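**Student:** have a look at this fold, sequence not included:
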C-alpha cells in the first residue's frame with residue numbers, strides 16, 4: 001500500500017471491488033449486501049480511511065461547515081462569543097471555520113468570497129468597523145447561504161440578527177454618572193459608522209437631555225480603533241480642555257483603560273477628580289486600579305443564540321419564515337472607578 005492518505009481506490013483495490021461499490025457501502029447504500037459492507041468497513045477502519053470532506057461537499061452540495069467572521073479574537077468579548085457558538089455547533093454535524101476581518105472591509109469581502117467557494121452552509125458575522133455596504137452578504141443570501149448578523153448591526157440588511165441593546169447600556173451608565181454628582185460628562189465614542197457607536201452615543205445624548213445636563217460638543221471624541229493606544233490622544237484632548245470633564249463614558253473597556261492611564265499620568269485621582277465607566281465588562285476590568293465600572297453584556301449567550309438561529313435557518317432554507325431580531329439587555333456594573341450614587345434613584 002502506498003504511503004499517504006488512504007483513498008476509496010486503495011480499499012477497492014485491496015478487496016477487488018469497484019470504487020463506487022466501496023463508496024456506497026461506506027454510505028450504507030441498500031443495494032450493497034451486508035457481508036460486503038462489513039468487509040469494506042472493517043478494512044476502512046484498519047487502514048484509517050478518512051473521507052475527503054471537500055469531495056463529499058461537492059457530491060452532497062453542502063460542506064457541513066459554518067463560517068464565522070469576526071473583527072478580531074484577542075478580546076474576551078469575541079472569544080466568549082465564539083465559545084458560545086462552538087458549544088452549540090460542536091455537538092451538531094457541522095464544523096466551524098473562524099475567520100478574522102481585522103476590522104477591514106476589503107478583508108471581509110475576501111473572506112466571504114473564500115467561504116462561498118468552499119460552499120459553507122451558513123455564515124455568522126460581526127461586520128468590521130470599516131463595513132458600510134452589505135451587498136456581499138446579500139449575494140450569499142441570493143445563493144441560499146443563510147447569514148446571521150451578531151453584535152454589530154447591518155442597517156438595511158434583511159437577515160436574522162442577534163444584538164445587544166447598546167442604547168440602554170449607555171443610558172444606564174451616563175444616568176448613573178449624573179446621579180453620582182458628575183455634571184461635565186464626556187464620551188469617548190467608537191468609529192462613526194458602527195451601529196454600536198451610534199446607539200451608545202444616542203444613549204449618552206438622551207441621558208444628558210433627560211436629566212437637563214448641558215451638552216458640550218467638545219466633550220465628544222471618537223477613537224479610530226478599539227485598542228488601548230487608540231484612546232490615548234482623544235483622552236488627552238478631553239483632559240487638556242480649559243474646563244475639563246469630571247467623568248468619561250468610554251465605548252469599551254480598552255478605551256476606558258486608556259482614559260484611566262492618561263488621567264493618572266496627568267495627576268488626576270479616580271474617581272475623586274474624574275469618574276470613568278467602560279462597556280463590555282472584560283474580565284481584566286475587575287483588576288484595574290481602581291476596578292472599572294462598566295456595562296456587562298451576555299456575550300456567551302449572544303454566541304449561543306446566534307448559532308442556534310443559524311442551524312435552524314439551515315434546516316429551513318426554503319421556508320418563508322420571517323427573519324428574527326433578538327436583542328439582549330445589558331447591565332451596569334458599578335465598581336471603584338466611579339463615584340457612588342449620591343441621589344439614590346432606582347432604575
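**Tutor:** Thanks, I have the structure now. Worth saying up front: this structure is predicted, and the values here are computed from it rather than measured.

**Student:** quick one, helices of this protein?
**Tutor:** In the chain, the helices defined using DSSP state H lie at 8-15, 19-26, 34-46, 53-60, 76-89, 105-117, 135-142, 166-179, 195-210, 232-239, 253-265, 299-315.

**Student:** which one of those helices has the lowest average pLDDT?
**Tutor:** Here the helices of the chain differ in mean pLDDT, and the lowest is helix 53-60 at a mean of 55.

**Student:** turn the helices of the chain into JSON lines, columns for mean neighbour count and distance to residue 97.
**Tutor:** Where C-beta positions appear, they are placed from N, C-alpha and C, glycine not excepted. As requested, these are exported to JSON lines (neighbours: other C-beta atoms under 10 Å; distance: least, C-beta to C-beta, whole Å):
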{"stretch": "helix 8-15", "mean neighbour count": "18", "distance to residue 97": "25"}
{"stretch": "helix 19-26", "mean neighbour count": "18", "distance to residue 97": "25"}
{"stretch": "helix 34-46", "mean neighbour count": "14", "distance to residue 97": "26"}
{"stretch": "helix 53-60", "mean neighbour count": "12", "distance to residue 97": "11"}
{"stretch": "helix 76-89", "mean neighbour count": "20", "distance to residue 97": "11"}
{"stretch": "helix 105-117", "mean neighbour count": "17", "distance to residue 97": "7"}
{"stretch": "helix 135-142", "mean neighbour count": "16", "distance to residue 97": "14"}
{"stretch": "helix 166-179", "mean neighbour count": "24", "distance to residue 97": "28"}
{"stretch": "helix 195-210", "mean neighbour count": "19", "distance to residue 97": "25"}
{"stretch": "helix 232-239", "mean neighbour count": "19", "distance to residue 97": "35"}
{"stretch": "helix 253-265", "mean neighbour count": "23", "distance to residue 97": "27"}
{"stretch": "helix 299-315", "mean neighbour count": "21", "distance to residue 97": "13"}
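
**Student:** is it possible to export these to JSON lines including distance to residue 160?
**Tutor:** As requested, these are arranged in JSON lines below (distance: least, C-beta to C-beta, whole Å):
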{"stretch": "helix 8-15", "distance to residue 160": "38"}
{"stretch": "helix 19-26", "distance to residue 160": "35"}
{"stretch": "helix 34-46", "distance to residue 160": "39"}
{"stretch": "helix 53-60", "distance to residue 160": "23"}
{"stretch": "helix 76-89", "distance to residue 160": "14"}
{"stretch": "helix 105-117", "distance to residue 160": "17"}
{"stretch": "helix 135-142", "distance to residue 160": "10"}
{"stretch": "helix 166-179", "distance to residue 160": "18"}
{"stretch": "helix 195-210", "distance to residue 160": "16"}
{"stretch": "helix 232-239", "distance to residue 160": "35"}
{"stretch": "helix 253-265", "distance to residue 160": "28"}
{"stretch": "helix 299-315", "distance to residue 160": "5"}
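
**Student:** residue 330 is nearest to which of those helices?
**Tutor:** helix 166-179 (3.7 Å; C-beta to C-beta).

**Student:** so what does the closest one touch, helix or strand wise?
**Tutor:** strand 185-189, helix 195-210, strand 247-250, strand 275-277, strand 294-296, strand 331-333 (3 or more C-beta pairs under 8 Å, 6 or more residues apart in numbering; DSSP states H and E).

**Student:** paired strands for the first one, with orientation please.
**Tutor:** Spelled out, that is strand 185-189. Paired with strand 185-189 in the same sheet, following DSSP bridges, are strand 220-222 (parallel), strand 247-250 (parallel).

**Student:** any idea which of those strands is most buried?
**Tutor:** Most buried of the strands paired with strand 185-189, by mean neighbour count (mean count of other C-beta atoms under 10 Å): strand 247-250, with a mean of 30.
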